[in-house]
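Peer 1: I would like to see how this sequence folds:
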Amino acid sequence: MVSIYETPESPVLAKDSAERRYKIEGTDSELVARAMLMIAAPVAFSNGIQTLVRQDARVEPDDGDMWSGVVPYGERTRPETGESTYQFDTGGGTHHITQALATIGTYVPPGDVAPDYKGAIGVTLDNVEGVDIHIPIYHFSETHYLPVAAITGAYKALLFALTGTVNDAGFRGFAKGEVLFCGASGSQRGEEDWQITFKWAASPNKTDIAVGLITVPAKEGWHYLWIRYRDKPDDAAVDMIKDPVAATVVRVYEYGDFADLGIGG
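Peer 2: Numbering: from 1, shown residues only. Below you'll find the model as predicted:
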């Protein structure tokens with residue numbers, strides 16, 4: 001069993017820095033020892049004067065399966081003009097669908113024949129109700145520190161105009177039509193520069209989408225697919241079903257040139 005504890009002399013304090021020191025026991029793996037150290041050592045630490053942030057974490061072997069760990073803390077460094085940081089999450093989103101990928105089974109009383117709904121979900125006498133499902137949407141953002149001279153009134157208007165548009169060419173490794181620009185927020189840092197956070201959401205392009213007996217050859221990530229149904233008798237089941245007769249792909253977002261953002265492609 002791997003264990004970790006902070007040594008009696010820790011923390012070692014200085015005016016603008018500090019060190020926390022640990023012992024890790026029970027492993028001969030440097031990777032495991034360092035991982036335990038990263039879990040145990042807090043990200044921020046107060047030396048009584050200010051809050052310092054973790055700068056690094058290093059381990060050195062002791063006897064046998066014991067390691068010494070040192071975690072230095074220092075002042076939070078201010079990003080320089082021209083630098084950038086990145087964040088992402090894969091939380092996804094929801095989408096209302098009326099057509100299933102596959103029908104596992106339709107169960108009816110003994111002696112009856114199950115109707116074939118051709119994958120339609122929630123079929124009623126008058127409608128196909130469908131269901132809301134969780135779909136893959138990749139949310140990501142970047143914070144850039146841009147010079148004051150670059151953030152003009154025209155540039156702010158450009159950000160406004162591009163919000164709610166989809167990439168008209170490849171962007172950040174995604175294909176045309178997969179990335180939606182969700183807008184930007186910014187604030188000026190004194191007279192030096194602007195801190196601007198850009199936000200996007202990515203949804204994958206798809207091909208060969210089956211809708212009953214229909215095959216949709218291609219749909220971009222932010223295109224919308226809707227399906228037209230008609231009443232049709234199912235002679236085997238002696239029932240009326242909703243049969244998909246058309247699948248329509250429509251564009252609901254304008255395209256935008258994300259190169260105009262000035263932060264690379």
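
Peer 1: for the rest of this, base every contact and every neighbour count on C-alpha atoms.
Peer 2: OK.

Peer 1: so how many other residues sit close to Gly265?
Peer 2: 14 (other C-alpha atoms under 10 Å).

Peer 1: who does the closest residue to it other than its chain neighbours form a beta bridge with?
Peer 2: In this structure, Gly265 finds its nearest non-sequential neighbour in Phe171, 5.0 Å apart by C-alpha to C-alpha, 6 or more residues apart in numbering. Here Phe171 shows beta-bridge partners Phe174, assigned using DSSP bridges.

Peer 1: which residues does Val2 contact?
Peer 2: For Val2, the contact set (C-alpha atoms under 8 Å, 6 or more residues apart in numbering) comprises 24-27.

Peer 1: touching, Thr215 and Lys206? I think so.
Peer 2: No - between Thr215 and Lys206 there is no contact under C-alpha atoms under 8 Å: 11.7 Å.

Peer 1: about what we covered before: tell me the one among the contacts of Val2 nearest to Thr163.
Peer 2: Nearest to Thr163 among the contacts of Val2: Ile24, at 49.9 Å, using C-alpha to C-alpha.

Peer 1: what stretches of the protein score poorly on pLDDT?
Peer 2: Residues of the chain meeting the criterion pLDDT under 70: 238.

Peer 1: give me the neighbour count for the residue nearest to Gly265.
Peer 2: Neighbours of Phe171 under the rule other C-alpha under 10 Å: 17.

Peer 1: got a list of what it touches?
Peer 2: Phe171 sits next to 179, 258, 265 when contact means C-alpha under 8 Å, 6+ apart.

Peer 1: and Ala218, by the same measure?
Peer 2: 205-209.

Peer 1: got it, and Val128?
Peer 2: If you count contacts by C-alpha under 8 Å, 6+ apart, Val128 has them with 98, 120-122, 242.

Peer 1: hmm, 7 Å instead?
Peer 2: Neighbouring residues of Val128 by C-alpha atoms under 7 Å, 6 or more residues apart in numbering: 98, 120-122.

Peer 1: cool, and Ala246?
Peer 2: Each residue near Ala246 by C-alpha under 7 Å, 6+ apart is listed here: 227-228.

Peer 1: one more time with 8 Å, if that's ok
Peer 2: Ala246 touches 214, 227-229, counting by C-alpha under 8 Å, 6+ apart.

Peer 1: and Asp231, by the same measure?
Peer 2: With C-alpha under 8 Å, 6+ apart as the criterion, the residues that contact Asp231 are 240-243.

Peer 1: and Trp222, how many neighbours does it have?
Peer 2: The number of residues near Trp222, taken as other C-alpha under 10 Å, comes to 22.

Peer 1: and the gap between it and Thr197?
Peer 2: 22 Å (C-alpha to C-alpha, to the nearest Å).

Peer 1: with Thr165 instead?
Peer 2: Following C-alpha to C-alpha, the distance that separates Thr165 from Thr197 is 17 Å.

Peer 1: what strand or helix carries the residue of the chain positioned farthest from its centre?
Peer 2: Of all residues in the chain, Gly111 has its C-alpha farthest from the mean position, at 49.3 Å, by C-alpha atoms, centre = their mean. According to DSSP states H and E, Gly111 maps onto no helix or strand at all.
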